[in-house]
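Engineer: Structure of the sequence below:
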Amino acid sequence: MNKIKAVISDMDGVMLDTEKLYVRFWCEAARSFGFPMEEKHALGIRSLGRPFAAEKLQGWFGADFDYDAVRNRRVELMDAYVAEHGVEAKPGAEALLKWLNAAGYRVALATATPVPRATDYLKQTGLLPYFDEICSARQVAHGKPAPDIYLYAAERLGLSPAVCMALEDSQNGVRSAAAAGCKTVLIPDLDDPSDQLRGVSFTVAQSLGDVRALLET
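Structural biologist: This next block holds a predicted model:
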């Protein structure tokens, strides 16, 4: 895979072990408003841009599901938890990023999380210095599963998406990266990937440790 010049990675569930927190606090926030949200619903909106997520949630729970109110409550709950407990990097994240930097690969983040929050989380885990660019869906017209965030990240790196490997853990993220033309590697986090999702991905890696082997092939 000699032509790959950069790695663009999702944050939650790939670099940081935070996806489980989003699932937990989306459910808690929704239930506080009387909506019976379950893990399967929270998993269904992973990495999904706001308009898409709001539409999906209203489809499940009705038009009176106030996305902004529930999301704001989710943010409050998660912020309180993180302030007390912090966030954790995924196993192998720092080792992979350190190797990518040493090997001369450019590295960017492509996340649905706002840049200030993403930057703070990466600082907490010591991963921030390894990234050349921090890109958020807030900076593009359409969030995942649209390709905008990956196209933007590649542009910031000064490269074609075709020479970028994307690391993703969710259906919406994989669809976004693949649509942008990146060589997309699926690294499952909280659920097993469907056959359809495997078909969209270039390959499936069981951990971040497998990514180095792919690049060295």
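
Engineer: With just CA atoms, put the lowest-mean-pLDDT helix or strand in the chain into CSV.
Structural biologist: Least confident element among the helices and strands of the chain, by mean pLDDT, DSSP states H and E: helix 195-200 (a mean of 76). Taking Å, rounded to 0.1, in the frame of the first residue of the first chain, the C-alpha atoms of helix 195-200 are listed here in CSV:
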residue,chain,number,x,y,z
ASP,A,195,-22.0,-7.7,5.5
GLN,A,196,-23.1,-4.6,3.7
LEU,A,197,-20.8,-2.4,5.7
ARG,A,198,-17.9,-4.8,5.2
GLY,A,199,-18.6,-4.5,1.4
VAL,A,200,-18.2,-0.7,1.5
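
Engineer: Show residues contacting that helix.
Structural biologist: Applying Cβ atoms under 8 Å, 6 or more residues apart in numbering, the contact partners of helix 195-200 are 171, 174-175, 178, 184, 186, 204. Any C-beta I mention is one placed from the backbone N, CA and C, and that applies to glycine too.

Engineer: What residues of the lengthiest helix in the chain count as buried?
Structural biologist: The residue-count maximum for a helix in the chain (DSSP state H) belongs to helix 67-85. Buried residues in helix 67-85, defined by neighbour count with 16 or more other Cβ atoms under 10 Å: 67, 70-71, 73-74, 77-78, 82.

Engineer: And that helix, what does it pack against?
Structural biologist: Packing contacts for helix 67-85, counted by 3 or more Cβ pairs under 8 Å, 6 or more residues apart in numbering; DSSP states H and E, involve helix 19-32, helix 50-61.

Engineer: what angle do that helix and helix 19-32 make?
Structural biologist: Counting by axes from the mean of the first three to the mean of the last three Cα atoms, to 10 degrees, helix 67-85 lies at 130 degrees to helix 19-32.

Engineer: if we can go back for a sec, return the member of the buried residues of helix 67-85 nearest to F52.
Structural biologist: For the buried residues of helix 67-85, the residue nearest F52 by Cβ to Cβ is Y67; the value is 10.7 Å.

Engineer: Let's see stretch 203-214 as PDB, backbone CA atoms only.
Structural biologist: Extracted C-alpha coordinates of stretch 203-214, given in PDB (Å, rounded to 0.1, in the frame of the first residue of the first chain):
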ATOM      1  CA  THR A 203     -11.000  -4.000   4.800                       C
ATOM      2  CA  VAL A 204     -11.900  -4.700   8.400                       C
ATOM      3  CA  ALA A 205      -9.200  -4.400  11.100                       C
ATOM      4  CA  GLN A 206      -9.700  -5.800  14.600                       C
ATOM      5  CA  SER A 207      -7.600  -3.100  16.300                       C
ATOM      6  CA  LEU A 208      -5.500  -0.100  15.700                       C
ATOM      7  CA  GLY A 209      -2.500  -2.300  15.900                       C
ATOM      8  CA  ASP A 210      -3.500  -3.900  12.600                       C
ATOM      9  CA  VAL A 211      -3.300  -0.600  10.800                       C
ATOM     10  CA  ARG A 212       0.400  -0.500  10.800                       C
ATOM     11  CA  ALA A 213       0.600  -3.900   9.200                       C
ATOM     12  CA  LEU A 214      -1.800  -2.800   6.500                       C
END
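
Engineer: Begin at 247, not 1, for the rest of this chat.
Structural biologist: That works, and once the first residue is 247, the last one we named lands at stretch 449-460.
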